[in-house]
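Student: fold the stuff below for me.
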Amino acid sequence: MFALIGRKRGRSLPRGVPGAADAETGRVLPRPLRRVVRFAVSLAVGRVHIPRHTGPIAALSFFAATGFYGMSLGGHSQNFAQTTTTAAGFAIDDVKVSGARETSEIDILEQLGLDGTTSLVALDVAEARERLAKLPWVEQVSVRKVYPGTIEIVLKERTAFAIWQHGDDLSLIEKNGSVIAPLRDNKFSNLPLFVGRDAETAAADFDRQFDAWPQIKARVKAYVRVAGRRWDLRLDNGIVVKLPETNIARAMQMLSTLDAEQGLLERDIASVDLRLEDRTTIQLTEGAAARRKVVLEQRTKELKKVTDRS
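Tutor: Numbers count the residues shown, from 1 in each chain. The predicted structure follows:
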């Protein structure tokens, strides 16, 4: 065994080969370079067999790598991948959408940029989610690939709480006051209408205060924010109820009592002013005021006749 080891250690590289002199002087090449030197020596003396067509294949590989690198720098690698994978049968031919009540599938397809030749392999799921999240009604969205050519999209949409009128514009809002989208049709006409600056942010809290008076709440057509401090109620018959800044419960209780005992809200009046705690002011309509004036004048004449007779 010692003889074998001695022969292995004593083996030196042929003369004229790099590293041979080092072996003779007892110095050894670093381990990472030994195989490189041995391969170079074997290649030089013809010990290594190179298969045919290795040169053309290597050249083609080099040019292909160069081409891919160039496409990557030029931003065309995505187009190339899409074209090749589409041709291989991975074109998106089905989009399954669930949870979309207000979001149309046309908007979804346009947002994703699908044109019938889009490759499922080349589709960036994260980018698709980001694009769909920009749609007005979308609160949450998930996108999943189902090979060979299907996309599954699950939406969670926002909930419309009320309509907000600001100037001449009408918008749908959530409970927190966030604007969802402009109002386009009468589909949401049953929602309460809040009018004025800052009305959208205070709408939900103010609306909850009317749950104790459902009969009056059912008759409110618009909640109008006044100077960002208080509210007016516009009822279905045109009457305006002016509420105070604070202690709205007291004012609503007063209004409810007057309506129950005297049918106040069924009379020919223009407004009810509840802003002051010690009094309630009622304004008649123009027609009612004119009729009242006639009645008062007639009563005054009758009283004068009675006075003259006596």
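Student: when you work out contacts or count neighbours from here on, use the C-alpha atoms and nothing else.
Tutor: Fine.
Student: give me the below-cutoff pLDDT ranges for the stretch 151-300 of the chain.
Tutor: For the stretch 151-300 of the chain, applying pLDDT under 70 flags the ranges 288-300.
Student: where along it do the strands fall?
Tutor: Listed in chain order, the strands of the stretch 151-300 of the chain (DSSP state E, counting those that start in this stretch) span 162-166, 169-173, 179-182, 193-195, 220-226, 230-235, 240-242, 269-273, 281-284.
Student: residue 140 is nearest to which of these?
Tutor: Counting by Cα to Cα, residue 140 lies closest to strand 179-182 out of these; the figure is 13.7 Å.
Student: helices or strands up against that closest one?
Tutor: If contacts are counted by 3 or more Cα pairs under 8 Å, 6 or more residues apart in numbering; DSSP states H and E, strand 179-182 sits against strand 169-173.
Student: would you mind giving the orientation angle of the strand it packs on with respect to strand 162-166?
Tutor: With axes from the mean of the first three to the mean of the last three Cα atoms, to 10 degrees applied, the angle from strand 169-173 to strand 162-166 works out at 150 degrees.
Student: what pairs with strand 169-173, and is each one parallel or antiparallel?
Tutor: Take DSSP bridges as the rule and strand 169-173 pairs in its sheet with strand 162-166 (antiparallel), strand 179-182 (antiparallel).
Student: buried ones in the first one, by neighbour count?
Tutor: Meaning strand 162-166. Neighbour-count burial for strand 162-166 flags 162-165 (criterion: 16 or more other Cα atoms under 10 Å).
Student: over to stretch 191-207?
Tutor: Neighbour-count burial for stretch 191-207 [16+ other Cα under 10 Å]: 192-204.
Student: what does stretch 271-280 give?
Tutor: For stretch 271-280, burial by neighbour count (16+ other Cα under 10 Å) applies to 271-275.
Student: got a markdown table for these, with distance to residue 113 too?
Tutor: Listed next are the buried residues of stretch 271-280 as a markdown table, based on distance: Cα to Cα, whole Å:
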| residue | distance to residue 113 |
| --- | --- |
| 271 | 55 |
| 272 | 56 |
| 273 | 57 |
| 274 | 57 |
| 275 | 56 |
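Student: residue ranges for the helices of the stretch 101-250 of the chain, please.
Tutor: Counting by DSSP state H, counting those that start in this stretch, residue ranges of the helices within the stretch 101-250 of the chain are 105-112, 125-132, 199-208, 214-217, 248-262.
Student: could you dump these into JSON lines with distance to residue 231 added?
Tutor: Below are these laid out as JSON lines (distance: least, Cα to Cα, whole Å):
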{"stretch": "helix 105-112", "distance to residue 231": "38"}
{"stretch": "helix 125-132", "distance to residue 231": "38"}
{"stretch": "helix 199-208", "distance to residue 231": "9"}
{"stretch": "helix 214-217", "distance to residue 231": "14"}
{"stretch": "helix 248-262", "distance to residue 231": "10"}
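Student: among the ones you listed, which comes closest to residue 93?
Tutor: It's helix 105-112; of the helices of the stretch 101-250 of the chain, that one is closest to residue 93 (Cα to Cα) at 11.7 Å.
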